[in-house]
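Q: fold the following and give me the result.
(one chain, ligands or ions: 1)
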Amino acid sequence: MCAYVESLAVPGLTEPGRPALSASPPKPADTAGIRLTDIALTYRQGSTPLHVLQDINLALEPDEFVCVLGPSGCGKSSLLNIIAGYLEPTDGSVRINGALHTKPDPQVGVVFQHANLFPWLTIAGNVAFGLRMAGVRRKERRRIAADYLALVGLEAAADLLPHQLSGGMKQRAALARTLAAKPSIVLMDEPFSALDALTRESMQLHLRDIWRRTLTCMFFITHDVDEALLLGRRILVMQPDPGRIVQDFVNPLFRREGGLSFNELRADKEFAALRQHLVSLIAGGRTAQY
Ligand SMILES: Nc1ncnc2c1ncn2[C@@H]1O[C@H](COP(=O)(O)OP(=O)(O)OP(=O)(O)O)[C@@H](O)[C@H]1O
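A: Numbers count the residues shown, from 1 in each chain. As a prediction, this is how the structure comes out:
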């Protein structure tokens, strides 16, 4: 058992039928899913090297939902950019379903903090845009766009323009646009941080529901520990100088079916201890030892 489990003594961690907090989440088969091997990233600032990432090794199952926490500047976005193929690592490799991944392609979808919809296209047009670029026929594009708009609950907004939508609706449209390309992984960099608290909570529940229905691998960066505990089946914590993963565990509060509401999550007897542990780890106060 890892030191974290012992030191927290959180009731319920060893109860039958409950997912155990584990330092070694299950490994996907050799080729399935996303695999990062020995990733390192170094920038040069004049003659001084800046080691941003070091020794990042990560295996994500095809239906993983992983939340990534860590203080500002620890390299979360850099890691996301490497997985997206936007940034070449100084060392190491990214493989998706066994194939080397070195440049952006539709297998990797990205949702940013701002929706970045094309203002001149309708919401359905935005969702179908990538399909059009991929040569999908018009009738098929329409059908796929309608399916994904229904998935995010935006059927009624199909013919509206982006400026007619609220911030949360725009983010849902952006998610539909990304999912419509049927990516193997969706990378999200603080996608809800620009939303007000109520919209944000509703988007988190929406996303959880969408993940359950699509079982697409989600890589979700957040500064919000509660958000990570609500959404992540697995939680990674990074620390800086150089950026590395200092904890990787299966979230015992995660439920594959049903799922906790916010009130249930916060009332769970394990929640406060887990939250405190993560906050302190992010602040650099305690390093996990196994
Ligand atoms: N193009 C660049 N050239 C040089 N240094 C960079 C560059 N991009 C990022 N960095 C540095 O790399 C480090 C990691 O940045 P990154 O944006 O990945 O961190 P982060 O954890 O995502 O931060 P935040 O939570 O604030 O978004 C920082 O020290 C940053 O200053």
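Q: show me what contacts residue 120?
A: For residue 120, the contact set (CB atoms under 8 Å, 6 or more residues apart in numbering) comprises residue 161. Backbone N, C-alpha and C define where each C-beta goes, glycine included.
Q: SS state for it?
A: For residue 120, the assignment made with DSSP: H, G, I helix; E, B strand; the rest coil gives coil.
Q: pretty sure residue 94 sits against residue 102.
A: Yes. At 7.5 Å, residue 94 counts as touching residue 102 under the criterion of CB atoms under 8 Å.
Q: these two - which one has more neighbours?
A: Neighbours per residue, other CB atoms under 10 Å: of residue 94 and residue 102, the larger number sits with residue 94, 22 against 12.
Q: starting from whichever strand or helix holds that one, tell me which strands it pairs with and how they run.
A: Counting by DSSP states H and E, the element that carries residue 94 is strand 91-96. Strand 91-96 has its sheet partners listed here by DSSP bridges as strand 34-45 (antiparallel), strand 99-100 (antiparallel).
Q: residue 124 is nearest to which of the ones you listed?
A: strand 34-45 (29.9 Å; CB to CB).
Q: all strands of the stretch 51-200 of the chain, in order?
A: 65-69, 91-96, 99-100, 108-111, 185-189 (DSSP state E, counting those that start in this stretch).
Q: closest to residue 57 out of those?
A: strand 91-96 (8.3 Å).
Q: hey, which of the strands paired with strand 91-96 is tucked in deepest?
A: Mean neighbours per residue, mean count of other CB atoms under 10 Å, is largest over the strands paired with strand 91-96 for strand 34-45, with a mean of 16.
Q: that one and the ligand, any residue contact?
A: Yes. Strand 34-45 lies within reach of the ligand by CB under 6 Å from any ligand atom, at residue 43.
Q: chain center to that strand: distance?
A: 19 Å (CA atoms, centre = their mean, to the nearest Å).
Q: avg pLDDT for it?
A: For strand 34-45, mean pLDDT is 93.
Q: could you check the angle that strand makes with strand 65-69?
A: Interaxial angle, strand 34-45 versus strand 65-69 (axes from the mean of the first three to the mean of the last three CA atoms, to 10 degrees): 20 degrees.
Q: and the angle for strand 34-45 with strand 185-189?
A: Put simply, strand 34-45 runs at 40 degrees to strand 185-189, going by the same axes, to 10 degrees.
Q: contacting residues around residue 282?
A: 69-71, 225, 237.
Q: number of nearby residues for the residue nearest to residue 215 when sequence neighbours are not counted?
A: Once flanking residues are discounted, residue 215 sits nearest to residue 63: 4.0 Å by CB to CB, 6 or more residues apart in numbering. By other CB under 10 Å, 17 other residues sit near residue 63.
Q: and for residue 241?
A: Residue 241 has 13 neighbours, counted by other CB under 10 Å.
Q: between residue 94 and residue 102, which contacts overlap?
A: Contacts common to residue 94 and residue 102, judged by CB under 8 Å, 6+ apart, are residue 85.
Q: looking at the most centrally placed residue in the chain now. What's its pLDDT?
A: Centroid-nearest residue in the chain: residue 220, 1.8 Å away (criterion: CA atoms, centre = their mean). What the model reports as pLDDT for residue 220 is 96.
Q: doesn't it belong to a strand?
A: Yes. Judged by three-state DSSP, residue 220 forms part of a strand.
Q: so what pairs up with it in the strands?
A: Beta bridges link residue 220 to residue 67, residue 188 when assigned by DSSP bridges.
Q: how about residue 250?
A: Residues in beta-bridge contact with residue 250 (DSSP bridges): residue 234.
Q: hmm, residue 233 and it touching each other?
A: Yes. If you go by CB under 8 Å, residue 250 and residue 233 touch, sitting 6.6 Å apart.
Q: out of the two, which sits in the busier spot?
A: residue 233 (20 against 17).
Q: contacting residues for the more buried one?
A: 64-66, 250-251, 254, 256.
Q: ok, for residue 98, nearest residue in space, not its chain neighbours?
A: Per CB to CB, 6+ apart, closest to residue 98 is residue 31, 3.4 Å.
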